[in-house]
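Structure for the following, please:
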Amino acid sequence: MSSFTETELAALKRAYASGTLRVSYDGKTVEYGSAEDLLGRIRTIERELAAATKPLPVAGFAGFRRGNS
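Model (predicted):
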């Protein structure tokens, strides 16, 4: 499970789109050093959220018998 939220991601995207480096969400405020830092955080959260929503692969067990039994 990801510790990031859609609320955080939306706030970061709004800040990036407006050219702001200070982001507030859920009672927290973070100031990023550059637009590249902010964009990197957006990409990280997008990857984490995408990975959290992917279905897990299902593994099965193979069975076999020796001989004619």
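
Pull stretch 53-65 out as PDB, backbone CA atoms only.
Coordinates of each C-alpha in stretch 53-65 appear next as PDB, following Å, rounded to 0.1, in the frame of the first residue of the first chain:
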ATOM      1  CA  THR A  53      -3.500  -0.300  -7.900                       C
ATOM      2  CA  LYS A  54      -2.100  -3.100 -10.100                       C
ATOM      3  CA  PRO A  55      -3.600  -6.500  -9.500                       C
ATOM      4  CA  LEU A  56      -1.200  -9.000  -8.000                       C
ATOM      5  CA  PRO A  57      -0.300 -12.000 -10.200                       C
ATOM      6  CA  VAL A  58      -2.000 -15.200  -9.300                       C
ATOM      7  CA  ALA A  59       0.300 -18.200  -8.900                       C
ATOM      8  CA  GLY A  60      -0.900 -21.800  -9.100                       C
ATOM      9  CA  PHE A  61       0.500 -25.100  -8.200                       C
ATOM     10  CA  ALA A  62       1.400 -27.600 -10.900                       C
ATOM     11  CA  GLY A  63       0.600 -31.200 -10.200                       C
ATOM     12  CA  PHE A  64       2.100 -34.400 -11.600                       C
ATOM     13  CA  ARG A  65       2.200 -38.100 -11.000                       C
END
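
So for Gly63, what pLDDT did the model give?
Gly63 is assigned 74 on the pLDDT scale.

Give the phi and psi angles for it, as a check.
Phi and psi for Gly63, reported as degrees, to the nearest 10, are phi -120, psi 150.

Give the burial count for it, as a bare number.
5 (other C-beta atoms under 10 Å). (Glycine included, C-beta is placed from N, CA and C.)

how near is the most centrally placed residue in the chain to Ile42?
The centre of the chain sits closest to Glu48, judged by C-alpha atoms, centre = their mean, with a distance of 2.2 Å. From Glu48 across to Ile42, the span is 11 Å (C-beta to C-beta, to the nearest Å).
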